[in-house]
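Enquirer: what follows is a predicted protein model with its sequence.
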Number of protein chains: 2
Amino acid sequence: MSRFLRTLAGESLSPPPVWLMRQAGRYLPEYRAIRAQAPDFLAFCFDPDLATEVPLQPIRRFGLDAAILFSDILVLPHALGQSVWFEEGVGPRLEPLRSEADLLRLSVDGVSETLDPCCETLRRLRKALPDEVGLIGFAGAPWTVASYMIEGGSSRDFTRAKRWAFAAPESFGRLIDLIVAGTVRYLLDQVAAGAQVLQLFDSWSGVWAEPAFRQWCSAPAAAIAQQVRQRHPDVPLIYFPRAAGGMLPEAAGAADWGALGLDTTVPLAWARSSLPSTLPLQGNLDPQVLVVGGSALEAEVRRIRSAMTGRPFVFNLGHGIDKDTPPENVSQLVELVREQT
Amino acid sequence: MSRFLRTLAGESLSPPPVWLMRQAGRYLPEYRAIRAQAPDFLAFCFDPDLATEVPLQPIRRFGLDAAILFSDILVLPHALGQSVWFEEGVGPRLEPLRSEADLLRLSVDGVSETLDPCCETLRRLRKALPDEVGLIGFAGAPWTVASYMIEGGSSRDFTRAKRWAFAAPESFGRLIDLIVAGTVRYLLDQVAAGAQVLQLFDSWSGVWAEPAFRQWCSAPAAAIAQQVRQRHPDVPLIYFPRAAGGMLPEAAGAADWGALGLDTTVPLAWARSSLPSTLPLQGNLDPQVLVVGGSALEAEVRRIRSAMTGRPFVFNLGHGIDKDTPPENVSQLVELVREQT
């Protein structure tokens, strides 16, 4: 079993395995070259020839411990029947859901067929990767996906989505249930196609008070975990509730996670004392210190490694890699993480 | 002594005193009417005739327990010599600091004189307000102000400011020191002009890993508290480190705060168990549930009141009031907070 999978199974390895969120991305010249071959971002995600090459690029360059499917969390709303597109320099855009009636136009029926190109990418990746490199599939967590579906893109205050949830929790719950059902299908397909580990990205979980966090973030994410584990008890699920802050213990306890992803702001001594000692943790270097590199990077990598000594831990960033990151700083990072201490 | 001041002095009152961040604002028609009389937002803040009227509006309408100076945290960079303006529909803009050389153009020498109109507003407010209504002065906390000064406005990832701090901590520290010195002057002037309580807004404190949070958020905020308390040990300082998450206990312990402001995401049982029981807390209703009103608002107000029973607590929002808030929902909120339980 690879070092990554052993860690998720509960082993404390030194040095820890390492991969980086958005490790295949715009900071790499070879990524920009291949990106230029696709007419738009969704077409890029759905072209297995291109999408298989992308995750292999950082593996070749840096020898990381895991590769992750190249796709986007918003392929799910697309597969549910919502109009999704990506505007250069703006980000994702969706034809926003405005009322309960809009939900009736969505369905999980087409999920497997529409997202089969992503599964084809996983099948090819599994063949291309050596055994010691883990293969991660992923999806967005229900609240985060719902927020994009209602806001029509990224948002600062999530006013429409929150107001919907407070004013009409029944219909908001139906949207969440639909996303849960679609995501379970998609993730089961990913496992069948070769994904060894699954990560749920709850990028916008840090906006709710505690009852709503439980209801709309951790419980629906846990429902996905439970349904996936029923079929595949051996496939670890990593939950990444970004900016969950004081709700992190609640998030950790909601399901039998393979690991919990920590964002940059999580104090590690507090994480050690507040989260179950057997729960593998993953994180949480500030992507901006990776941009800066040098002695600042060195100090931060050593601090994180030292704080996580003796518990199952996957070294990662606390947020996606920044497009301005010099690739040589990633090499420096990997060397620092693999230093014998 | 007013119920607000008694709470900040450590008394647990039932019902708790209540005020709302941004309680004087665009959701009120009388605010929009007076705003139309000023050519731009900074001129509005610096016109004591207009700026005195604004904080009185919600006091008249809702009978809240405290009024807060009408101003903006970015009057400080303006007073330090940086160019600051507000673009309609965009928000604050600043001529961004780009290098250490730009710091040399800034000075605390003009702070008292430039910001005297704000102090004149406070003098008039103190006369206009009945004794039972508290008067709050405020400033931005150093990191939050520094981030605006470097980014040139609000930011999503604070890339420039963070990179500066990681790459050149000495010069970044000089900027922080300058903001601390200017803020201390400004707050001492506010106390002399009649402010009974001071609040430090650290709106962007939720972006740092723990060592940087200590160095750039809580320690500089604590330095301000210490210098103000040396001169005015009787004036409580409220620190509001928004989105500080797991760093909240560190923030709480950094100084002898009059109260700690909790954002919406802070779980209250955790706050009770993790923060000193004598420390007054302030917060943390979701502004979006105030927009929705009705039974959702009722449930949330009851939950928060019940969780904070028996400890010194000021009812507030967890973030500023939303411009879409129906004023009648604020009336409903105040009634709910003042219900005998």
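Expert: Arrived safely.

Enquirer: rest of the way, CA atoms for contacts and neighbours
Expert: OK.

Enquirer: can you list the residues of the stretch 151-300 of chain A near chain B?
Expert: Contact residues, the stretch 151-300 of chain A versus chain B (Cα under 8 Å from any Cα of the partner chain): A:159, A:162-163, A:166-167, A:206-210, A:243-247, A:264-267, A:270, A:286, A:288-289, A:291-292, A:296.

Enquirer: going through the residues you listed, which ones are buried?
Expert: A:159, A:162-163, A:166-167, A:206-210, A:243-247, A:264-267, A:286, A:288-289, A:291-292, A:296 (16 or more other Cα atoms under 10 Å in any protein chain shown).

Enquirer: the residue in chain A positioned nearest to chain B and A:S205: what is the separation?
Expert: Chain B sits closest to A:G245 of chain A, with a gap of 3.8 Å, by Cα to the nearest Cα. The gap separating A:G245 from A:S205 is 9 Å, by Cα to Cα, to the nearest Å.

Enquirer: now swap in A:E120 and tell me
Expert: Distance, A:E120 to A:S205, by Cα to Cα: 30 Å.

Enquirer: ditto for A:G294
Expert: Distance, A:G294 to A:S205, by Cα to Cα: 32 Å.

Enquirer: ok, the two, which is more surrounded?
Expert: A:S205 (24 against 15; other Cα atoms under 10 Å in any protein chain shown).

Enquirer: related to what we said a few turns ago, I'd say the residue of chain A closest to chain B and B:P249 touch.
Expert: No: applying Cα atoms under 8 Å, one finds A:G245 not in contact with B:P249, separated by 11.8 Å.

Enquirer: which stretch of helix or strand covers the residue lying farthest from the centre of chain A?
Expert: Going by Cα atoms, centre = their mean, the residue of chain A most distant from its centre is A:A101, 30.1 Å out. Element membership of A:A101, judged by DSSP states H and E, is helix A:100-103.

Enquirer: list the buried residues in that helix.
Expert: Neighbour-count burial for helix A:100-103 [16+ other Cα under 10 Å]: A:L103.

Enquirer: now the helix or strand hosting A:Q226, how far from the centre of its chain.
Expert: Secondary structure assignment for A:Q226, by DSSP H and E: helix A:219-231. Computed by Cα atoms, centre = their mean, to the nearest Å, the chain-centroid distance of helix A:219-231 equals 16 Å.

Enquirer: picking up where we left off before, name the surrounding residues that touch the helix holding A:A101.
Expert: Outside helix A:100-103, the residues within contact range by Cα atoms under 8 Å, 6 or more residues apart in numbering or on different chains are A:97, A:171, A:175.

Enquirer: model confidence over it, on average?
Expert: The average of the pLDDT scores along helix A:100-103 is 95.

Enquirer: go on, stretch A:114-127?
Expert: On average, stretch A:114-127 scores 98.

Enquirer: what does that stretch rub up against?
Expert: By Cα under 8 Å, 6+ apart, stretch A:114-127 touches A:45-49, A:51-52, A:56, A:69, A:71, A:75-76, A:79, A:135, A:137, A:186, A:189-190, A:193-195.

Enquirer: return the distance of the top helix by length along chain A from the chain's centre.
Expert: In chain A, with assignment by DSSP state H, the single longest helix is helix A:169-192. In terms of Cα atoms, centre = their mean, the centre of helix A:169-192 is set 16 Å apart from its chain centre.

Enquirer: quick one, phi/psi of A:I238?
Expert: phi -100, psi 120 (degrees, to the nearest 10).

Enquirer: from memory it sits against A:L200, does it?
Expert: Yes: A:I238 lies in contact with A:L200 (Cα under 8 Å); the separation is 6.2 Å.
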